[in-house]
Each structure stands twice: as C-alpha cells, then as structure tokens.
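Novice: build me a structure from this.
(chains A and B, ligands or ions: 2)
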Amino acid sequence: MYGGGNTFDPITDTKQATEDPQKLQEFEARIERGEKIEPSDWMPDLYRKQLIRMIEQHAHSEIIGALPEGTWITRAPGFKRKLALMAKVQDEVGHAQLLYAAAETLGKSREQMIDDLLEGKSKYSNIFNYPAFTWADACFISWLVDAGAIVNQLANSKGSYGPYCRALERICVEESFHLKYGHHCVIHLATGTDIQRKMMQEALNRWWEPMMHFFGPPDKVSVHTEVLMKWKVKMSSNDQCRNQFLDMYVPKILELGLTIPDPLLRKNPETEQWEYTEPDWEVFKKVINGDGPCNEERLAVRRVAEARGKWVRQALLKPKTEYVTPLA
Amino acid sequence: MNTDAIKELLYKIADDQLIIGHRNSEWTGMGPILEEDIAFSSMAQDKIGQSYALYQLLHDLGEDEPDQVAFMRKANQFKNSQLTELPNGEYDYSLLRHFLFDTAESIRFEFLAQSAYSPLALLAKKIQGELRYHTMHANTWIKQLGNANQESILRLQASLDQLFPFALGIFEPSPFENVLIEEKIFVGEKVIMQKWQEQIAKILNATELLIPSFSEPAIYGGRFGHHTEHLTLLLEEMSEVFRIDPTAEW
Ligand SMILES: [Fe+2]
Ligand SMILES: [Fe+2]
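Specialist: Ligands and ions are numbered 1, 2, ... in the order given. Sure, this is the predicted structure:
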C-alpha cells in the first residue's frame, strides 16, 4: 500500500447535509468515546461519502501500485528476490481485495468502484504515475513508498470506521514485511558494487520529489477538513505524516551512504520539524489531473486486463448453459 | 545409483517448475478477477520455491548454485517441456495449461514420493501436498467455465485443442528411462501418462468439452534442450538484472 487515501484529490464538498441533530449528536458522542462505527449503524451522509471515497482510492492505489513493481517480478535477480517480490506484490493485490470489501460495506459495489477507476472518475496515489526504470526503482518503492504508506495507514487504523480499521490492522502487519524486504534490497544495492550503488543513487534522485509529494500538499494550503478530523475519518495532517516519515527514514537513508537530493533538508532542532525545499506542487497537480509520465499507461493496462477478463466474469455471473450429465 | 540419470530427472522436473512458475507470475496484476491474480501468484510462488529446492538437490550432487543454474544457463541447456514455456495467452489458455500440467505433476510427485532416491522422495512428499491445491484450483475452474456459457466453452475447447500435443510432450521419454525404472528411482513416463489420461478424462467428462485424441502426435524436444523461441525471450527477461553482475549480491 500506499497512501492513506486522503491526499489524492482535494476534498471539496464538506458541506453537511441536514442531518437529524439528535442522531448526529449521538454519533459524535460515540466517536468521542473512541467507539467504532459499524456498517449497520446510523452515520451522516458526508461521513459515508468521504469514507467510500477514501477507502476506494486506497484500494485503487493497491492494484495500480502492483503494476510498477509487478513488471519487475519476471526480472528479479535471484531466487530469494524473485520469491519475495512475488509474495509482496501478491499482498498488495490482497490489500485491494480487503479494501474493496471494506468499502462495499458502505454501499458501493466493487464493480462500480473499478468502473469509476477505469473511467478516470476515481483517483489513486499519485506516486504510481512514475515509471520504475531499473531494479533500484522497484527497491525504492518496496522500501520507502511502503514506508510512507505505513505512516498513513497506521494513523488511519485508529480512525472511527470499524471495517476500515480492521482491514488496515491486517494490512499494516503485512506492510512491515514489505518494509523489511525493501530495506534489505536497498542495503544490498547501496553497499554493493559501483554499478549497484550508482543505480540506487539514481533511483533515489528520481523518486525523492514524488516521495515528498506522496503525503499531499502542505497543511497551510490544504482544504479545511475539521469535520473529518472530528469524525476520525482523517487522522493526521499531511505535514504531520511527512514530518514523521522524514524523522524515521532520513537517518536510515544517510546511514547507507546515499545522498538525498535536497541541500536544504535539515531538522530544525528548536521546532523539531524538518525543513526542506518545497517540492513543486504545480507538478503534483498536473500529475494528479492525469498528466503524469505514466497515468495513461497505468489505466490502459488496467483497462486491458478488465476487458480480457470480461468473459470470465460473465461466465461466472450468468452461466447460460445448464450442466448436462454426459451420456458416456 | 546412477547419478547421471538422477541429475537428468531432477533437471527436467526443476526446469518445468521454474518455467511454469515464471509464466504463472506474469498474471500478477492482470487476472480476470482479483482472486485469480492472487491464486496464480500463490501457485507461482509454490512452483518457483519447488524448483529452488530441486536445484538444491542438484547442487548437493555437485552442480552449480541454484541461482547460477536458473539465471545463467542458455535455452538449449533447459530440459523443461515446451508446454511450460508457451506465452500465457488469454485466461482460458493459461487455465487449460495449468490443468493439463498440474494433473501430470501431481501424479509425478505422488510416485516420486516413493523414489528409492531418498532426498527426492522426502522433498516430493512436501511438494505433493502443495500440488493438491493446484489441481483442486484447476479442476474447479475447468468444471465451472467448461459448463458456463457458449463463449467460455468454445474458448476452453480451442485452448484444449491447441495445447493438447504440447501436453502429450510432457511425457517425452528420457534417455535414462530404463535405468530409472530398474533402480526404482522413478516409475517412468508411460505410467504417469496413463494415470494422467484417466484423471483428465474424469474432469473433462464432467464438462461440455470434448477430449482430443490421446493418440495424436506429441510435440517432443523440450527434454533434449530443443525449445520454441519463447524460452529464449523468457530467459533473457528473467536474467536481465542478474546478468548485470552475476557475482554481485543482489
Ligand atoms: Fe499494500
Ligand atoms: Fe506494501
């Protein structure tokens, strides 16, 4: 995984429909007490809508995210890497399955969600719109993109919607293996031969800006999300997540002798906050709106897979021929 | 025991598992439904894990390390049946290959579990347990899609017809056939093929599909290193990163 879902496109509709004030009050009191909301419980429309959107985008990110790494399964160097990468990408597809099921509890079917993805109506994490040129790119994704995802997902697993929290708890356990695998791969490249070290440094240079974009625009320009925070739909701000990621991983990256391509990056000892060159948010906007290096390709691959598999799904749903016992 | 014969046997079954596993893994992210992505990936992981364990037995007999053997040999050094190297095609094609191949495999490993060569017998017992799920998966889907609607039945039939001569090629006799049988290392391809015919007939007879003739000419060659161009391409892709520096730790 990848993304806590809340960063892929700006929340525009936070207007609350007219809800029964008594029910709303009870609902908010339950969340306040730390109770989980379950599918059959009463919930405000906006809550349902935002959760569907968020879980759905998260699920899409898992299946689209399986593509850039998936192309390296057939090229992974050696048995150990080949087996581990297959298992890792399979987990990601499994996460999609879990998350679609969690979103379905809110009333939208998996088929509808996938249709919306293919029609470009529903977003997924921006980071998968960048190409994985070399094996080192695949290793960067396994380690650091998954690391970023864990930061988001751990926060969201403390949210208020029961099915999503439970899915995230399971997902986080698997993610921690991905992280170990990815770290192991990067260690071998970063401390390997000249060619390997060069590959790894170049991958880091390519992926640093998308990684900074990963957590979404800075809080000061983000759309107001107070009500979603209060309802525990959104659990921590973009900047908080980014700062936590830098705290945990900058030392580990530097420890490997790699250079982070940002001369301004430093932790301010007084504020305990990281300072860095602001990544280009115009690029981020461009990519999220469909104009990144791989947007077309990713969706095209998904569309082809859906089209090729259509007859299978139809045969499962509407078998027309009745089973007849053969004569012989 | 005849070591050359054992090595030849191990190479062909290990290569089969590696190549079919590699093909299965190509379904990741491309399956007709998410559950099938996951299932094909599970089978791929089992098979590649099995090939690794078999190459390890070869290493114990003095052959090179599994990574070198798998990632550095040329196509004409591979002993897999041609069936395993064919590109995935559409889902019906991959499903039929999976069915035809895994039925043969599960019978093969059932017999290998009784091999007089005990390291192989021991490993075969474990592999046999894993393969049970692969045949269960194949049989379920063949029965489902082989009875569902006109399109699915026609697709499956066309793939079955295309793949059948290649499937018969699984049972290409080895130059060591007699030695292996005499020394009770392996029961021999003929016995496997007979049981295979019975089992696939049992499943296919529960569908709308027609079984091609078992006396059709088989496509042989794989066991002697003769392959389609698809294997060369597969191996080039598989070893692309490894060959950047085969002595490096990746
Ligand atoms: Fe995931
Ligand atoms: Fe992951």
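Novice: now do the strands in chain B.
Specialist: Using DSSP state E, no strands are found in chain B.
Novice: check which helices and strands the lowest-mean-pLDDT helix or strand in chain A sits against.
Specialist: Across the helices and strands of chain A, mean confidence by mean pLDDT, DSSP states H and E is lowest for helix A:226-230: a mean of 88. If you count contacts as 3 or more Cβ pairs under 8 Å, 6 or more residues apart in numbering or on different chains; DSSP states H and E, helix A:226-230 packs onto no helix or strand. Glycine gets a C-beta too; all of them are placed from N, C-alpha and C.
Novice: apply 10 Å and report the result again.
Specialist: In this structure, helix A:226-230 packs against helix A:21-32, helix A:45-70, with contacts taken as 3 or more Cβ pairs under 10 Å, 6 or more residues apart in numbering or on different chains; DSSP states H and E.
Novice: was I right to think residue B:221 contacts residue B:170?
Specialist: No: judged on Cβ atoms under 10 Å, residue B:221 makes no contact with residue B:170 at a distance of 12.0 Å.
Novice: what's the overlap in contacts for these two?
Specialist: Shared contacts of residue B:221 and residue B:170, defined by Cβ atoms under 10 Å, 6 or more residues apart in numbering or on different chains, are found at B:81-82.
Novice: what's the spacing between residue B:2 and residue B:116?
Specialist: Counting by Cβ to Cβ, to the nearest Å, the gap from residue B:2 to residue B:116 is 11 Å.
Novice: so between those two, which is more surrounded?
Specialist: When residue B:2 and residue B:116 are compared for neighbours, residue B:2 comes out ahead with 15 against 12, by other Cβ atoms under 10 Å in any protein chain shown.
Novice: my guess is that one meets residue B:183, correct?
Specialist: Yes: with contact defined as Cβ under 10 Å, residue B:2 counts as touching residue B:183 (6.3 Å).
Novice: quick check: neighbours shared by these two?
Specialist: B:117, B:176.
Novice: in JSON lines: the helices and strands packed on helix A:226-230, plus mean neighbour count and mean pLDDT.
Specialist: What follows is the helices and strands packed on helix A:226-230, written out as JSON lines (neighbours: other Cβ atoms under 10 Å in any protein chain shown; pLDDT from 0 to 100):
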{"stretch": "helix A:21-32", "mean neighbour count": "13", "mean pLDDT": "96"}
{"stretch": "helix A:45-70", "mean neighbour count": "24", "mean pLDDT": "94"}
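Novice: with ligand 1 as the reference, name the closest of these.
Specialist: Closest to ligand 1 of the helices and strands packed on helix A:226-230, according to Cβ to the ion: helix A:45-70, at 5.0 Å.
Novice: can that closest one be said to contact chain B?
Specialist: Yes: applying Cβ under 10 Å from any Cβ of the partner chain, one finds that helix A:45-70 is in contact with chain B at A:59, A:62-70.
Novice: so for the very next helix or strand once past that helix, mean pLDDT?
Specialist: Heading C-terminal from helix A:45-70, the first helix or strand you meet, by DSSP states H and E, is helix A:79-104. Mean per-residue pLDDT for helix A:79-104: 97.
Novice: how far off centre is helix A:79-104?
Specialist: Centroid separation between helix A:79-104 and its chain, computed with Cα atoms, centre = their mean, to the nearest Å, is 12 Å.
Novice: ok and the residue in chain A nearest chain B?
Specialist: residue A:309 (2.6 Å; Cβ to the nearest Cβ).
Novice: related to what we said a few turns ago, more neighbours: which of residue B:221 and residue B:170?
Specialist: residue B:170 (28 against 14).
Novice: ok, the more buried one touching residue B:81?
Specialist: Yes: at 4.6 Å, residue B:170 and residue B:81 qualify as touching, with contact defined as Cβ under 10 Å.
Novice: which residues are in contact with each of the two?
Specialist: Common contacts of residue B:170 and residue B:81 (Cβ under 10 Å, 6+ apart): B:12, B:16, B:101, B:104, B:218-220, B:222-223.
Novice: with pLDDT and neighbour count as extra columns, can I get those in a markdown table?
Specialist: Shown next, in a markdown table, are these (pLDDT from 0 to 100; neighbours: other Cβ atoms under 10 Å in any protein chain shown):
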| residue | pLDDT | neighbour count |
| --- | --- | --- |
| B:12 | 98 | 21 |
| B:16 | 98 | 28 |
| B:101 | 98 | 26 |
| B:104 | 98 | 24 |
| B:218 | 97 | 18 |
| B:219 | 98 | 20 |
| B:220 | 98 | 18 |
| B:222 | 98 | 26 |
| B:223 | 97 | 24 |
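Novice: ok, of those, which one's closest to residue A:77?
Specialist: Within the shared contacts of residue B:170 and residue B:81, proximity to residue A:77 (Cβ to Cβ) peaks at residue B:16, which comes in at 22.1 Å.
Novice: list the contacts of that closest one.
Specialist: Applying Cβ under 10 Å, 6+ apart to residue B:16 gives the contacts B:47, B:50-51, B:54, B:78-81, B:83-85, B:101, B:104-105, B:108, B:170, B:222-223.
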